[in-house]
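# sequence unknown, structure follows:
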């Protein structure tokens, strides 16, 4: 029989430390046992400077829910042409602490403070993003222009 996992300060500190040490400045802690599981539940620690390219999930079962546990997380939504259509600042314990993103909506997230961690849930199985799910108007994670593009997204939350 599996042992329960407490989502406590110690676990959050561990996943944050792993994100800080990661070249991508983010790290998952999965509660599901494999990428093929029907439900994916995970902690996602992300540090400022980590660029998550805008993307969408086209599978109708792949709505995703994020609940902020620590820090501040900027969430940006985009129209099909790449224009910012909405944005939200999630704060652990704040006025807005989570978001449900319907499938088909282009979005990106970025840490606004060090030590940002959110709980994420969506349907599995995991599969790499298809070309149709990648935002054609945004640079990829390691492309030229990614740092500048990420900075433009970060600026949306600079005065908040």
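Right, received. Where do you want to start? Since this is a predicted model, take the numbers as computed values, not measurements.

# Report the contact partners of residue 38.
Contacts for residue 38 were tallied using C-beta atoms under 8 Å, 6 or more residues apart in numbering; they are 123, 124, 125. For glycine as for every other residue, the C-beta is placed from the backbone atoms N, C-alpha and C.

# Among the residues you listed, which lie within strands?
Of the positions in the contacts of residue 38, residue 123 sit in strands, assigned by DSSP state E.

# Got a ChimeraX select line for the buried ones in the contacts of residue 38?
One line in ChimeraX is enough to select the buried members of those, burial here meaning 16 or more other C-beta atoms under 10 Å:
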select :123,124
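
# Could you export the contacts of residue 38 as a markdown table, including distance to residue 141 and pLDDT?
What follows is the contacts of residue 38, written out as a markdown table (distance: C-beta to C-beta, whole Å; pLDDT from 0 to 100):
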| residue | distance to residue 141 | pLDDT |
| --- | --- | --- |
| 123 | 23 | 97 |
| 124 | 22 | 96 |
| 125 | 22 | 95 |
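
# what's the helix or strand for residue 42?
Here residue 42 is covered by strand 39-46, with elements defined by DSSP states H and E.
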